[in-house]
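> I'd like to go over a predicted model; first the sequence, then the structure.
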Amino acid sequence: NAGVTQTPKFQVLKTGQSMTLQCAQDMNHNSMYWYRQDPGMGLRLIYYSASEGTTDKGEVPNGYNVSRLNKREFSLRLESAAPSQTSVYFCASSELAGRTNEKLFFGSGTQLSVL
Amino acid sequence: DQQVKQNSPSLSVQEGRISILNCDYTNSMFDYFLWYKKYPAEGPTFLISISSIKDKNEDGRFTVFLNKSAKHLSLHIVPSQPGDSAVYFCAASSNFGNEKLTFGTGTRLTIIP
């Protein structure tokens, strides 16, 4: 029972390089999310996808793009990485966005360093 | 502007004693609150939640209390065990205005054997 799987687990980039973080869930959830975690800042929402075919900006979307490839997969792309994007990135899923009692299931995270 | 605040970055508690983690929020539209637990190198996992229609929810050793007038919630762990050592995040959501989950900054709990 894999749950939410993120790849890669670690990545080092140079400023200006691009990369895509991959996320897949096997729980048949409709909604998926990308968060970043920074010291003293908690978890901040970057983008989310309430359902297949839709994406919306979260609290800190600048510098990122997302693709909801299908119901299972939701990728996060950094087109031109900056040191400010050094962070731990978490993908999450939930059964249905918009319900106040939604419970998120998280992947194990990607540690990204931009030099 | 931090809408969900956990003012204690860290807390140390003796094994067997009660651990109390606190969380304050500013958005009066929040009507559902959750606690997540996070171990190093893992993603957060759901621990316990409470709706604004309640003031207490209990699950085994974990109890969450909600004081709506004070916009404050707390997580009680009794008795504390070494495996409870982790970072705890408070989170809040609202059914109004399509508010997504807003997380606090986390409290690192260390249980001393």
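Now that the structure is in, tell me what you want to look at.
> All the strands of chain A, residue numbers only.
For chain A, applying DSSP state E gives strands covering A:4-7, A:10-13, A:19-25, A:31-38, A:42-49, A:56-57, A:64-68, A:74-78, A:87-94, A:105-106, A:110-114.
> Direction included, what does the fifth one pair up with?
Using DSSP bridges, strand A:42-49 pairs in its sheet with strand A:31-38 (antiparallel), strand A:56-57 (antiparallel).
> Same list (the ones you listed) but as CSV, adding distance to B:Glu42.
All C-beta atoms are positioned from the backbone trio N, CA, C, and that covers glycine. CSV is the format used below for the strands paired with strand A:42-49 (distance: least, CB to CB, whole Å):
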stretch, distance to B:Glu42
strand A:31-38, 12
strand A:56-57, 27
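> how about the ones you listed in a markdown table, adding mean neighbour count and mean pLDDT?
Shown next, in a markdown table, are these (neighbours: other CB atoms under 10 Å in any protein chain shown; pLDDT from 0 to 100):
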| stretch | mean neighbour count | mean pLDDT |
| --- | --- | --- |
| strand A:31-38 | 25 | 94 |
| strand A:56-57 | 14 | 92 |
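> tell me the contacts of the residue nearest to B:Gly43 when sequence neighbours are not counted?
Nearest non-adjacent residue to B:Gly43, counting by CB to CB, 6 or more residues apart in numbering or on different chains: A:Phe106, 3.1 Å away. Contact partners of A:Phe106, counting by CB atoms under 8 Å, 6 or more residues apart in numbering or on different chains, are A:4, A:35, A:90-92, B:43-45.
> and what of A:Leu76?
A:Leu76 neighbours (CB under 8 Å, 6+ apart): A:20-21, A:23, A:34, A:46-47, A:64-66, A:89, A:91.
> For residue 56, give the beta-bridge partners.
Assuming you mean chain A. Beta-bridge pairing of A:Asp56 under DSSP bridges involves A:Tyr48.
> oops, chain B please
Bridge pairing for B:Lys56 - DSSP bridges - gives B:Phe65.
> What is the neighbour count of it?
10 (other CB atoms under 10 Å in any protein chain shown).
> Now residue 14: closest residue in space that isn't a chain neighbour?
As the question left the chain open, I've gone with chain A. Nearest residue to A:Lys14, sequence neighbours excluded (CB to CB, 6+ apart): A:Leu115, at 5.6 Å.
> Please refer instead to chain B.
Spatial nearest neighbour of B:Gln14, excluding adjacent residues (CB to CB, 6+ apart): B:Ile112 at 5.3 Å.
> in terms of contact, does that neighbour touch B:Arg17 like I think?
No: applying CB atoms under 8 Å, one finds B:Ile112 not in contact with B:Arg17, separated by 9.2 Å.
> what about the residue of chain B found nearest chain A, helix or strand, and which?
Chain B approaches chain A most closely through B:Gly43 (3.1 Å), counting by CB to the nearest CB. B:Gly43 belongs to no helix or strand when elements are defined using DSSP states H and E.
> and chain B, which of its residues are near chain A?
Within chain B, the positions near chain A by CB under 8 Å from any CB of the partner chain are B:2, B:4, B:6, B:9, B:31-32, B:34, B:36, B:41-46, B:49, B:51, B:89, B:91, B:93-95, B:98, B:100-101, B:103-106.
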